[in-house]
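Colleague: Fold the following, please.
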Amino acid sequence: MPSFTIAEIAAKLAAEHAGQSDLVICRACEPATAGPDDLALAMDPRYGAALAAGRARAAVLWPGADWRALGLKAVIFTPRPRLALAGITGAFAIPPDLPEGIHPSAVIDASAEIAPDARIGPFCLIGAGVKIAAGARILSHVSIAEGSTIGPDALLFSGVRIGSNVRIGRGFIAHYNAVIGSDGFSFVTPEPSGAEQARREFRADLPQTAQQYRRIASTGSVTLGDHVELGACSTIDKGTIADTRIGDGTKIDNHVQIGHNVRIGRDCLLCAHVAVAGSSVLGDRVVLGGQAGVGDHLNIGDDVIAAGATAILSNVPKGRVMMGYPAMPMQANIESYKALRRLPRLMAKLADLQKPVSKPGEKP
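Modeller: Predicted coordinates for the structure are as follows:
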């Protein structure tokens with residue numbers, strides 16, 4: 001288990017510290033349950049009172065906090081709590097337990113190129129022509145199909161599946177049972193289907209004819225930039241002709257579906273249960289809240305933010321904050337929701353106003 005002095009932790013955070021700088025800390029902890037060797041995380045005044053319930057000697061506090069009055073021997077000050085939390089948890093995180101070398105149960109094609117320091121766990125399957133760069137860590141039961149390239153310092157958790165000819169950049173992390181390079185969901189009928197006609201004509205009474213779907217194969221693959229992270233059970237489909245592409249620094253949560261031909265820019269954030277339909281393009285720094293959806297063949301501009309469960313059904317220009325089903329600018333959605341909640345009262349008032357008009361002989 002890692003341990004650090006207060007001075008070392010403060011240096012990692014580029015933060016100010018005071019008190020006993022050589023105090024050794026073994027882990028980060030909530031204030032009420034912190035022990036004498038723990039670093040209590042009370043980075044907001046709301047959490048300061050909880051320190052009295054614990055036994056912490058050191059804490060991370062908000063700027064200007066009276067740490068001596070809180071009974072502490074050492075303190076680190078941070079103006080941005082979540083940024084400090086990233087540094088602290090990173091320092092104390094314990095990496096996956098994976099021995100050096102290649103486990104004897106792994107099945108590796110003779111043509112695969114594997115860096116000498118790469119670690120490959122039990123029951124992995126590495127296909128022909130695969131290239132695995134330096135520092136890669138591949139846990140148990142991972143399969144990598146032929147022709148794929150895994151960049152330096154990748155971390156693939158158990159059960160990850162990587163299809164053929166996938167190209168992955170530096171520092172990639174894929175969590176349990178993620179799938180990169182499955183075939184796209186792409187089918188066509190000999191004549192225009194009811195779905196195609198409905199979309200084109202916006203009618204609800206279209207004639208239906210019996211037709212079978214023909215599969216459109218995915219001959220492209222997937223290209224991921226540097227420092228991309230993919231959550232558990234998330235999937236990225238291959239492109240039909242060109243590759244599906246994910247830009248540098250993009251982070252994808254659990255149970256996210258990225259359709260075929262999608263292009264996603266740099267430093268985007270896609271939360272759980274997001275779905276992006278085929279051939280849509282997302283710009284840089286796009287944020288999609290949980291359960292948000294993007295329809296197919298759409299363009300989402302840079303810096304767009306979509307609230308949870310937002311359904312984006314048309315193009316969105318850069319810099320918009322969207323909300324609702326269908327998506328609209330957030331303020332318009334809030335006003336619409338307020339008006340919707342007022343409708344029952346308005347209808348009741350309207351009914352009262354109609355009575356003298358519809359029945360003029362009756363007294364009010």
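Colleague: burial measure for residue 298, as a count.
Modeller: Residue 298 is flanked by 17 other residues according to other C-beta atoms under 10 Å. Where C-beta positions appear, they are placed from N, C-alpha and C, glycine not excepted.
Colleague: quick check, residue 349 in a helix?
Modeller: Yes: Residue 349: assigned to a helix according to DSSP: H, G, I helix; E, B strand; the rest coil.
Colleague: and it, what pLDDT?
Modeller: Among the per-residue scores, residue 349 shows a pLDDT of 89.
Colleague: Show me which helix or strand of this structure is least confident by mean pLDDT.
Modeller: Least confident helix or strand of the chain, by mean pLDDT, DSSP states H and E, is helix 194-201 with a mean of 82.
Colleague: Not counting its own residues, what contacts the helix or strand just after it?
Modeller: Scanning forward in sequence from helix 194-201, with DSSP states H and E defining helices and strands, the next element found is strand 214-215. Around strand 214-215, the neighbours that count as contacts under C-beta atoms under 8 Å, 6 or more residues apart in numbering are 186-190.
Colleague: how about those residues in TSV, adding pLDDT, secondary structure and distance to residue 128?
Modeller: Output for these, formatted as TSV (pLDDT from 0 to 100; DSSP: H, G, I helix; E, B strand; the rest coil; distance: C-beta to C-beta, whole Å):
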residue	pLDDT	secondary structure	distance to residue 128
186	95	coil	26
187	95	strand	30
188	94	strand	32
189	93	coil	36
190	93	coil	37
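Colleague: what about the closest residue to residue 259 other than its chain neighbours, neighbour count?
Modeller: In space, residue 259 comes closest to residue 278 once its chain neighbours are excluded; the distance is 3.8 Å by C-beta to C-beta, 6 or more residues apart in numbering. By the criterion of other C-beta under 10 Å, residue 278 has 19 neighbours.
Colleague: quick one: contacts for residue 278?
Modeller: Residue 278 makes contacts with 184-186, 237, 259-262, 296-297, as judged by C-beta under 8 Å, 6+ apart.
Colleague: before we move on, the earlier item: in JSON lines: the contacts of strand 214-215, plus neighbour count and distance to residue 159.
Modeller: Below are those laid out as JSON lines (neighbours: other C-beta atoms under 10 Å; distance: C-beta to C-beta, whole Å):
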{"residue": "186", "neighbour count": "20", "distance to residue 159": "26"}
{"residue": "187", "neighbour count": "11", "distance to residue 159": "28"}
{"residue": "188", "neighbour count": "13", "distance to residue 159": "32"}
{"residue": "189", "neighbour count": "15", "distance to residue 159": "35"}
{"residue": "190", "neighbour count": "10", "distance to residue 159": "39"}
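Colleague: For these, give me a markdown table that also has distance to residue 124.
Modeller: Converted to a markdown table, those look like this (distance: C-beta to C-beta, whole Å):
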| residue | distance to residue 124 |
| --- | --- |
| 186 | 30 |
| 187 | 33 |
| 188 | 37 |
| 189 | 40 |
| 190 | 43 |
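Colleague: Tell me which two of these sit farthest apart.
Modeller: Using C-beta to C-beta, the pair of the contacts of strand 214-215 lying farthest apart is 186 and 190, separated by 15.4 Å.
Colleague: closest to residue 3 among the contacts of strand 214-215?
Modeller: residue 186 (53.0 Å).
Colleague: Quick one: neighbours of the residue nearest to the closest one when sequence neighbours are not counted, just the number.
Modeller: Spatial nearest neighbour of residue 186, chain neighbours left out: residue 216 (4.0 Å); criterion: C-beta to C-beta, 6+ apart. Number of residues near residue 216 (other C-beta under 10 Å) recorded here: 15.
Colleague: got it, and residue 174?
Modeller: The local packing count at residue 174 equals 30, with neighbours defined by other C-beta under 10 Å.
Colleague: my read: it touches residue 230, true?
Modeller: Yes: with contact defined as C-beta atoms under 8 Å, residue 174 reaches residue 230; the gap is 4.6 Å.
Colleague: roughly how far apart are residue 209 and residue 83?
Modeller: Using C-beta to C-beta, to the nearest Å, we find residue 209 at a distance of 59 Å from residue 83.
Colleague: hang on, the earlier thing: could you save the contacts of residue 278 as JSON lines and add columns showing distance to residue 52?
Modeller: Conversion of these to JSON lines gives the following (distance: C-beta to C-beta, whole Å):
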{"residue": "184", "distance to residue 52": "57"}
{"residue": "185", "distance to residue 52": "56"}
{"residue": "186", "distance to residue 52": "61"}
{"residue": "237", "distance to residue 52": "53"}
{"residue": "259", "distance to residue 52": "53"}
{"residue": "260", "distance to residue 52": "56"}
{"residue": "261", "distance to residue 52": "57"}
{"residue": "262", "distance to residue 52": "51"}
{"residue": "296", "distance to residue 52": "56"}
{"residue": "297", "distance to residue 52": "58"}
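Colleague: among the residues you listed, which are in strands?
Modeller: Secondary-structure check on those using DSSP state E: residues within strands are residue 237.
Colleague: Just the buried subset of the contacts of residue 278, written out for PyMOL, thanks.
Modeller: Buried members of these, identified by 16 or more other C-beta atoms under 10 Å, are gathered into one PyMOL selection as follows:
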select buried, resi 184+186+237+259+260+261+262
